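Asks: Take this sequence and fold it.
(2 chains, ligands or ions: 2)
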Amino acid sequence: MIEVENLTKSFGPTQALRGVSFSVQRGEIVGFLGPNGAGKTTTMKILTCFIPADSGRATVAGYDVFEDSLEVRKRVGYLPENTPLYHEMSVVDFLQFVAGVRGIPKRDIPERIRSVVVRTGLEGAVGKVIGELSKGYRQRVGLAQALIHDPEILILDEPTSGLDPNQIKEIRELIREIGKEKTIILSTHILPEVTATCDRAIIIHKGQVVASGTPGELMAMGAGSNAVTVRVRGPQGEVQKHFSQISGVREVRLLGTDDGCLRLQVIGEKPMELAERVFEVAAAQKWPLSELRPEAASLEDVFARLTQDEK
Amino acid sequence: MGNLWKIFLKELRGYIDSPSAYIFLIIFHVLGTSMFFFVSGFFRNQMANLGGFFVFMPWLLLFFVPAIAMRIWAEEKKAGTDELLLTLPVRDHEVVLGKYLAALALLVVALILTFPVALTVKYFADPKTPVDWGPVWCGYLGSFLLGAMLLALGAWASSLTRNQIIAFIIACALGFGLILLGFPFIYQLLPGGELVARFSPYSHFVSLYRGVLDVADVVYYVSAIAFFLYLNIRSIESRKWA
Ligand SMILES: Nc1ncnc2c1ncn2[C@@H]1O[C@H](COP(=O)(O)OP(=O)(O)O)[C@@H](O)[C@H]1O
Ligand SMILES: [Mg+2]
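Replies: Ligands and ions are numbered 1, 2, ... in the order given. I've put the predicted structure just below:
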């Protein structure tokens, strides 16, 4: 449905994209995940034909975004970042305008508006002026305009940012519901968004795709790098020295002290074995252990590891 | 064409729903007519013609037209709605023209509302010497064309920035410069002389309001409008080569 090959884009001296490639299959909900400034918005602006890339190729529904821009735009529903809307228009006027420009025949427009309004839960707000709606409702208006022409593909730039937890939950449910029939790319800089709504995540960092896969696959990528959290009573220097000498330990990090106990994170491969070695060392030194917890790899760790700035 | 029309209607609806459009119309009307009656000394001279009215028109348009034009693009850029609008399946020039024509409609309404002035003049005129309507129509045509040109300039200026005040200042400054070129004390100082004056909307306005309908003047304005609309389209497209 969407094929992206080697996109690059610079804004003056800033290289926003440095060779982004990925593809999205029909019916997938894909999360475009990355910290702020990663290049998510830039990629989406290219896919929606707002700006062209400097080099590379992108096709949407089989049409090239540069050469067949109008065909692409007809097939895509787009919710730009921060949901820009005409605040002085009423919801129904705005939807009517978008429906008209989208080429929906005049007699079908009322029915189409009714259906997206029901779908996005805007029933109570149809006659209201957009600027007077809450952020959550404005987000629904943004989704409604993106859905009005029943597009094959939806591109949503940070659809839940700035919403409160209840609104986030509602919008995510809505996206999942819509995603049963459509291909969706949504961008986010927060991880739970992906686990909550997406089939697959593409992690982008500094203008490059650094990983891609289902949440499970991404978690597996992180399995190699793990840690054991330890709470132990003993002399700090000695404890750190002995723990560091355990084979396979990369780093011993002091998290803090409480009640004369040290809280440490012992980082290395294979956390289960590591925990046993830590226990043996502590026992041999007669340092009382009050906590010994191998940490399962979390998606957060993977994300953090993939997107931390290399030093 | 269909898209141009839909964008035109949406923009027009925006003016109808917005208080600032009415404020604009009222101020334009009050200033326009009072300038005519009081500043031109209409009552004193008992000059039953509209010459005095059109003398002030360029200055009135110079400030009022940029005030309509400044929001055309700057407002969209500031709110980010240009991204919404330009990712719809419309061509950039359809949007540029649709927006321009809607603003032009507002200007036309403003000009029509000054027509009672013309009727008043007819009323005051010596019944034995009937009012000569020819120069009045020419004056209105000149005002319309000059306004339409300043509007195209202002819309382009608005596309250069997200700040409406800056757009207003650019449009006023450029408009003022162009108008000044039509004054003898300016163009006589310049190397091109009379030739330079031909590039000024003011020279063409003067010949129109004197009641001479010359195709060359109309051609001048139409070309100038096309030129600024072209710049506007290029400026909207420029996001693509930035
Ligand atoms: N119009 C622009 N002008 C200059 N720099 C830009 C522009 N848009 C984006 N950038 C830069 O490109 C990089 C990627 O931005 P963006 O795609 O918005 O990231 P994200 O959406 O992932 O937060 C950032 O460094 C940003 O500052
Ligand atoms: Mg972004």
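
Asks: residue contacts, the spatially most central residue of chain B?
Replies: Nearest residue to the geometric centre of chain B (C-alpha atoms, centre = their mean): residue B:147, 1.6 Å. Residues in contact with residue B:147, defined by C-beta atoms under 8 Å, 6 or more residues apart in numbering or on different chains, are B:61, B:65, B:107, B:111. No exception for glycine: its C-beta is placed from N, CA and C like everyone else's.

Asks: Could you check how far it is from residue B:106?
Replies: 10 Å (C-beta to C-beta, to the nearest Å).

Asks: Likewise for residue B:201?
Replies: 19 Å.

Asks: And for residue A:182?
Replies: In terms of C-beta to C-beta, residue A:182 sits 40 Å off from residue B:106.

Asks: what does residue B:230 give?
Replies: In terms of C-beta to C-beta, residue B:230 sits 22 Å off from residue B:106.

Asks: Those two: who's more crowded?
Replies: Ranked by neighbour count (other C-beta atoms under 10 Å in any protein chain shown), residue B:230 and residue B:106 place residue B:106 first, with 21 against 14.

Asks: Quick check: buried residues in whatever helix or strand the more buried one lives in?
Replies: Secondary structure from DSSP states H and E places residue B:106 in helix B:92-112. Buried residues in helix B:92-112, counted by 16 or more other C-beta atoms under 10 Å in any protein chain shown: B:92-104, B:106-107, B:110-111.

Asks: neighbours of residue A:307, just the number please.
Replies: Quick note: residue A:307 (other C-beta under 10 Å) scores 18 neighbours.

Asks: actually residue A:156, not the one I wrote
Replies: 28.

Asks: shaky segments in the chain?
Replies: The chain I'm using is chain A. A:220-225, A:296-301, A:309-311 (pLDDT under 70).

Asks: hm, I was asking about chain B
Replies: In chain B (pLDDT under 70), the answer is B:1, B:38-52, B:118, B:121-131, B:241-242.

Asks: Show me which helix runs longest in it.
Replies: helix B:133-158 (DSSP state H).

Asks: check contacts around residue B:17.
Replies: A:88-89.

Asks: Touching, residue B:76 and residue B:95? I think so.
Replies: No. Using C-beta atoms under 8 Å, residue B:76 is not in contact with residue B:95, being 9.4 Å away.

Asks: how about the strands of chain A, start to end?
Replies: A:2-11, A:14-24, A:29-33, A:55-60, A:63-64, A:76-79, A:153-157, A:183-188, A:200-205, A:208-213, A:226-232, A:249-258, A:261-268, A:289-294 (DSSP state E).

Asks: neighbouring strands for the first one, and are they parallel or not?
Replies: The reference is to strand A:2-11. According to DSSP bridges, strand A:2-11 forms sheet pairs with strand A:14-24 (antiparallel), strand A:55-60 (antiparallel).

Asks: do the same with the shortest one
Replies: With DSSP bridges as the criterion, the sheet partners recorded for strand A:63-64 are strand A:55-60 (antiparallel).

Asks: C-alpha coordinates for the partner strand, CSV please?
Replies: Extracted C-alpha coordinates of strand A:55-60, given in CSV (Å, rounded to 0.1, in the frame of the first residue of the first chain):
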residue,chain,number,x,y,z
SER,A,55,15.7,12.3,-3.2
GLY,A,56,14.3,8.8,-3.0
ARG,A,57,10.9,7.5,-4.0
ALA,A,58,7.5,7.1,-2.3
THR,A,59,4.4,5.5,-3.7
VAL,A,60,1.0,5.4,-2.0
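
Asks: how deep is residue A:240 tucked in, by neighbour count?
Replies: There are 17 residues near residue A:240, going by other C-beta under 10 Å.

Asks: That one and residue A:280, how far apart?
Replies: Going from residue A:240 to residue A:280 by C-beta to C-beta gives 17 Å.

Asks: And residue A:37, by the same measure?
Replies: 45 Å.

Asks: and what of residue B:137?
Replies: Going from residue B:137 to residue A:280 by C-beta to C-beta gives 104 Å.

Asks: just residue B:170 next, same as before
Replies: Plainly put, residue B:170 is 76 Å away from residue A:280 if you go by C-beta to C-beta.

Asks: Settle it for me: which of the two has more neighbours?
Replies: Between residue B:170 and residue A:280, counted using other C-beta under 10 Å, the more crowded position is residue B:170 (20 against 11).

Asks: Which parts of chain A belong to which domain?
Replies: Chain A breaks down by automatic domain parsing into domains covering A:2-220, A:227-295.

Asks: Quick check: end-to-end length of the shortest one?
Replies: For domain A:227-295, the first and last residues are 6 Å from each other (C-alpha to C-alpha, to the nearest Å).

Asks: what residues are up against the one residue in the stretch 1-150 of chain A that gets nearest to chain B?
Replies: Nearest residue of the stretch 1-150 of chain A to chain B, counting by C-beta to the nearest C-beta: residue A:84, 3.4 Å away. By C-beta under 8 Å, 6+ apart, the contact list for residue A:84 reads B:79-81, B:83-84.

Asks: need the residues you listed in CSV with secondary structure, can you?
Replies: Formatted as CSV, the contacts of residue A:84 follow (DSSP: H, G, I helix; E, B strand; the rest coil):
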residue, secondary structure
B:79, helix
B:80, coil
B:81, helix
B:83, helix
B:84, helix
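
Asks: among these, which ones are buried?
Replies: Among the contacts of residue A:84, those buried by neighbour count (16+ other C-beta under 10 Å) are B:79, B:81, B:83-84.

Asks: Tell me the one among those residues nearest to ligand 2.
Replies: Closest to ligand 2 out of those is residue B:83 (11.9 Å), distances taken as C-beta to the ion.

Asks: residue contacts, the closest residue to that closest one other than its chain neighbours?
Replies: Among residues not flanking residue B:83 along the chain, residue A:80 sits closest, at 4.5 Å (C-beta to C-beta, 6 or more residues apart in numbering or on different chains). Contact partners of residue A:80, counting by C-beta under 8 Å, 6+ apart, are A:44, A:48, A:157, B:80, B:83-84, B:87.

Asks: From residue A:143, how far out is residue A:80?
Replies: 12 Å.

Asks: next one: residue A:197
Replies: 13 Å.

Asks: do residue A:11 as well
Replies: As judged by C-beta to C-beta, residue A:11 and residue A:143 stand 28 Å apart.

Asks: Comparing the two, which residue is more hemmed in?
Replies: residue A:143 (25 against 12).

Asks: how close does the closest residue to the more buried one other than its chain neighbours get to residue B:235?
Replies: Nearest residue to residue A:143, sequence neighbours excluded (C-beta to C-beta, 6+ apart): residue A:120, at 5.2 Å. To residue B:235, residue A:120 is 35 Å away according to C-beta to C-beta.

Asks: Now do the contacts for residue 104.
Replies: No chain in the question, so chain A it is. Neighbouring residues of residue A:104 by C-beta under 8 Å, 6+ apart: A:112, A:148-149.

Asks: Not quite, go with chain B.
Replies: Residues in contact with residue B:104 (C-beta under 8 Å, 6+ apart) are B:148, B:151.

Asks: now do residue B:99
Replies: With contact taken as C-beta under 8 Å, 6+ apart, residue B:99 is in contact with B:7-8, B:11, B:72-73, B:155.

Asks: rewinding a little: for the residue nearest to residue B:83, give its distance to ligand 2.
Replies: Separation of residue A:80 from ligand 2 (C-beta to the ion, to the nearest Å): 10 Å.

Asks: Then residue A:40?
Replies: According to C-beta to the ion, residue A:40 stands 5 Å off from ligand 2.

Asks: Now that residue: closest residue in space that isn't a chain neighbour?
Replies: residue A:187 (3.9 Å).

Asks: wait, isn't the one you found in contact with residue A:157?
Replies: Yes. At 5.2 Å, residue A:187 counts as touching residue A:157 under the criterion of C-beta under 8 Å.
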